[in-house]
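Peer 1: I would like the atomic coordinates for the input below:
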Amino acid sequence: MTFAALKEVEPARAAEGETPSASPAWIASGKAGEALPHHEGVETLTDLFRRSVKEFGDKPCLGKRTNDGPFVYETYTEIGAKVDKIGSALAANGVKPKDAVGVIGPNAPEWMMIMQGCNHQNAICVPLYDTLGANAVEFILKHSGATAAFAEASKMKVLAEALPSVKGQVKFVGYWGQASEDVKKTITDLGMTLKSFDELLAEGAATPAEPIKASPEDLCTIMYTSGTTGDPKGVLIKHSNVLAEISAAKTFCTNVAGEVYGPGDCFLSYLPLAHIFDRAVEEFFLEIGGCIAYWRGDIKGLVEDIAAAKPTMFAGVPRVFDRIYGGIQTKMKAAGWLKNALFNFAFDRKKHFMEKGLPHDKASPFFDGLVFKKLKEALGGRVRIIISGAAPLSAHVEQFLKVCMMTKVCQGYGLTETMAGSCIALPDSLGANVGPPLAGVKIRLESVPDMNYDAQANPPRGEILIGGNTVYSGYYKREDLTKEVLEPSGWFHTGDIGEITPEGYLKIIDRKKNIFKLAQGEYVAVEKVEATFKKFDMLEQIWVYGNSFESSLVAVCVPVESKLMAWAKAHKVEGDFKAVCADAKTKAMFVEELTKYGKEDGLKGFELVRAVHVESEPFDVEKDLLTPTFKMKRPQLLKYYQKDIDALYAAMKK
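Peer 2: Predicted coordinates for the structure are as follows:
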């Protein structure tokens with residue numbers, strides 16, 4: 001983006017009548033060039049997909065690999081024909097326009113074809129995270145009123161456990177993969193029709209049904225967000241919402257990043273397709289005629305899947321990039337003094353020239369070829385843009401990726417309620433920000449006096465509000481929750497706290513709800529504190545907690561096992577990983593190191609942790625400690641570790 005374009009997103013006071021509340025606000029609109037329009041006649045996702053089938057018929061569309069073989073793709077024409085059959089089969093099995101259809105399973109071509117089949121009949125696809133348990137699946141099926149459901153074979157047991165509660169509501173179940181006879185019998189014994197994907201293709205071919213024309217304002221999806229507390233919320237997503245996001249993404253890639261995507265480009269699908277981040281990118285790739293390679297579903301084989309797919313765009317969440325960063329740091333330290341020194345010198349030199357304004361490919365071509373090329377090859381060698389989303393990326397990790405990966409690295413910001421992407425950082429900017437708004441997106445900052453954030457100060461700081469065509473229309477059957485965050489004028493209150501940099505970029509600095517007061521009256525923004533502590537490379541995960549009746553912070557730390565065990569050997573701490581975690585020397589070391597990193601980052605005394613519980617088991621989704629996109633569920637973490645937290649505070653008083 002040129003400086004002239006940046007000038008268009010510089011701060012401007014809210015116009016009369018636009019302020020969403022009594023509090024003054026800062027406002028900006030995304031103008032990275034006007035949003036690139038969709039092709040003539042494209043008003044819905046069905047229109048978009050059908051146009052791509054016609055335009056890119058013989059091009060590879062959706063692909064998967066078996067065992068260690070290559071990715072095998074079906075063409076747009078082949079996939080289009082299957083989608084028509086699935087849509088027809090849905091109609092033949094009683095699915096009517098605007099009915100909800102649940103889908104549970106890991107990412108796969110069948111998942112996408114079922115979703116497109118729902119669009120074919122103007123039905124509403126209701127994705128289910130494949131990591132959610134039966135209780136959540138049961139809740140979502142009931143709440144959405146789903147009349148049909150699909151599952152991948154390995155997830156049929158989870159679905160089957162939820163189906164008795166919706167007997168009479170869900171009448172038809174489809175599946176793909178090799179399902180066990182026992183689970184199939186469980187479903188049919190409930191009186192529900194059960195058919196395999198292949199059976200549905202044959203039925204659709206025998207009973208073709210005309211597509212049902214949707215309108216842009218019709219719902220295409222109810223996407224349930226797991227949230228951090230309470231039952232999942234059903235985000236109402238219209239065809240027009242997703243189309244607006246696709247247009248914004250295409251505009252960014254073309255006009256800002258200077259990367260025109262089209263046939264021949266590839267995206268590796270491994271983040272949950274049931275989440276808006278992956279969904280939006282896949283819809284974008286279908287629009288431009290690219291291909292989507294679906295991973296095999298095993299995190300241990302992800303590196304091999306990346307190498308086989310050779311993606312040209314790579315999307316990840318901070319936990320993925322934290323692991324990449326930690327893995328490379330470990331290898332460098334183990335490589336010996338000379339190689340480690342060379343790497344650090346190359347890193348500092350390239351960073352220096354990038355800070356001077358040179359793009360990544362011009363900052364240090366010599367060291368790109370000598371040092372950093374192998375890192376690029378780890379992602380298949382063809383990646384032109386890396387995108388991080390779903391949660392804030394630590395500043396040091398973002399800087400590391402931008403210097404080392406030999407490609408454009410962009411951190412984005414958005415929510416399920418705003419179709420994933422609302423802002424995205426400029427590729428070669430080293431600042432810790434999420435950039436200006438995307439084309440067609442409006443951003444406001446609203447003052448939060450209780451937290452001393454002023455939207456009219458310099459720099460402006462406040463709660464981030466988002467407007468524009470990507471904003472959802474509410475939560476399904478939850479008007480109370482909708483009114484809390486969505487204004488009649490369409491402005492959505494994110495609950496995130498942002499700051500506007502002098503360049504007109506948005507920087508995420510806090511979370512409105514993730515703040516607590518200590519006994520001495522000091523407020524702690526816990527995410528800021530955790531971001532600092534994450535710089536300690538022995539940490540896999542950390543959760544910081546402060547009790548309002550106490551004057552100090554405590555934390556639960558999950559170490560990187562290999563690094564902790566190496567430290568234990570050097571410091572004569574004996575036992576297995578669990579025993580080393582429980583050792584007093586280990587806990588003292590963690591407090592000492594976290595204090596060091598905190599002081600280096602300028603944390604105040606009350607923001608430093610005074611005691612830690614070192615945990616050998618990671619926080620995970622199965623324990624209900626993380627959302628499916630790896631955000632921490634703080635109330636659940638407190639409940640899970642309450643005894644440990646109480647013990648830490650009690651010990652400090654002795």
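
Peer 1: got the CA positions of stretch 67-75 in CSV?
Peer 2: In CSV, the C-alpha atoms belonging to stretch 67-75 read as follows (Å, rounded to 0.1, in the frame of the first residue of the first chain):
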residue,chain,number,x,y,z
ASN,A,67,-1.1,-42.4,3.3
ASP,A,68,2.1,-40.9,2.0
GLY,A,69,0.9,-40.6,-1.6
PRO,A,70,0.5,-37.3,-3.6
PHE,A,71,-2.5,-35.1,-3.4
VAL,A,72,-5.1,-36.3,-5.9
TYR,A,73,-7.6,-33.6,-7.1
GLU,A,74,-11.0,-33.7,-8.7
THR,A,75,-11.7,-30.9,-11.2
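
Peer 1: May I see the buried residues of it?
Peer 2: Neighbour counts using 16 or more other C-beta atoms under 10 Å place 71, 73-75 of stretch 67-75 among the buried residues. Every residue, glycine included, has its C-beta placed from N, CA and C.

Peer 1: could the residues you listed be laid out in JSON lines, adding pLDDT?
Peer 2: Formatted as JSON lines, the buried residues of stretch 67-75 follow (pLDDT from 0 to 100):
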{"residue": "71", "pLDDT": "97"}
{"residue": "73", "pLDDT": "98"}
{"residue": "74", "pLDDT": "98"}
{"residue": "75", "pLDDT": "98"}
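
Peer 1: Looking at those residues, which are in strands?
Peer 2: 73-75 (DSSP state E).

Peer 1: where along the stretch 551-654 of the chain do the strands fall?
Peer 2: 553-559, 609-614 (DSSP state E, counting those that start in this stretch).

Peer 1: any idea which element residue 456 lies in?
Peer 2: Using DSSP states H and E, residue 456 is not contained in any helix or strand.

Peer 1: Show me where the stretch 401-550 of the chain dips below the pLDDT cut-off.
Peer 2: 519-521, 523 (pLDDT under 70).

Peer 1: go on, the stretch 51-200 of the chain?
Peer 2: In the stretch 51-200 of the chain, residues with pLDDT under 70: 130-134.

Peer 1: tell me the contacts of residue 363?
Peer 2: For residue 363, the contact set (C-beta atoms under 8 Å, 6 or more residues apart in numbering) comprises 350-351, 353-354, 403.

Peer 1: do that again at 7 Å, thanks
Peer 2: Residue 363 makes contacts with 350, 353-354, as judged by C-beta atoms under 7 Å, 6 or more residues apart in numbering.

Peer 1: now do residue 582
Peer 2: Residue 582 touches nothing, counting by C-beta under 7 Å, 6+ apart.

Peer 1: repeat for residue 416
Peer 2: Counting by C-beta under 7 Å, 6+ apart, residue 416 has contacts 223, 225, 235, 276.

Peer 1: Which one of those is nearest to residue 653?
Peer 2: Taking C-beta to C-beta as the measure, residue 653 lies nearest residue 225 of those, at 39.6 Å.

Peer 1: Who does that closest one form a beta bridge with?
Peer 2: On the basis of DSSP bridges, residue 225 is bridged to residue 233.

Peer 1: Give me the most central residue, the protein.
Peer 2: residue 390 (3.2 Å; C-alpha atoms, centre = their mean).

Peer 1: Might one say that residue 89 is in contact with residue 204?
Peer 2: Yes: with contact defined as C-beta atoms under 7 Å, residue 89 counts as touching residue 204 (3.9 Å).

Peer 1: Break this structure into its domains for me.
Peer 2: 1-31+440-472+484-511, 55-280, 515-652 (automatic domain parsing).

Peer 1: Now distance to residue 409 too, for those, in a markdown table please.
Peer 2: Converted to a markdown table, the domains of the chain look like this (distance: least, C-beta to C-beta, whole Å):
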| stretch | distance to residue 409 |
| --- | --- |
| domain 1-31+440-472+484-511 | 15 |
| domain 55-280 | 10 |
| domain 515-652 | 18 |
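
Peer 1: most tightly surrounded among those domains?
Peer 2: Compared across those, domain 55-280 shows the largest average neighbour count, a mean of 20 (mean count of other C-beta atoms under 10 Å).

Peer 1: quick check, distance from that one to the centre of its chain.
Peer 2: Its chain's C-alpha centre and that of domain 55-280 lie 18 Å apart, by C-alpha atoms, centre = their mean, to the nearest Å.

Peer 1: before we move on, the earlier item: who wins for most neighbours among the contacts of residue 363?
Peer 2: Counting neighbours by other C-beta atoms under 10 Å, the top entry in the contacts of residue 363 is residue 350, with 24 neighbours.

Peer 1: Would you format the ones in strands among the buried residues of stretch 67-75 as CSV with distance to residue 266 included?
Peer 2: As requested, these are exported to CSV (distance: C-beta to C-beta, whole Å):
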residue, distance to residue 266
73, 9
74, 14
75, 14
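
Peer 1: which is the next helix or strand following the helix ranked longest in the chain?
Peer 2: In the chain, taking DSSP state H as the definition, the longest helix is helix 337-355. The first helix or strand that comes after helix 337-355 along the chain, using DSSP H and E, is helix 360-363.

Peer 1: quick one: buried residues of that next one?
Peer 2: 360, 363.

Peer 1: now it, how far from the centre of its chain.
Peer 2: On C-alpha atoms, centre = their mean, the centre of helix 360-363 falls 28 Å from that of its chain.

Peer 1: neighbouring contacts of the next helix or strand after that helix?
Peer 2: Moving toward the C-terminus from helix 360-363, the next helix or strand (DSSP H and E) is helix 365-367. For helix 365-367, the external contacting residues (C-beta under 7 Å, 6+ apart) are 346, 349-350.

Peer 1: in helix 365-367, what's buried?
Peer 2: So for helix 365-367, counting by 16+ other C-beta under 10 Å, buried means residue 367.
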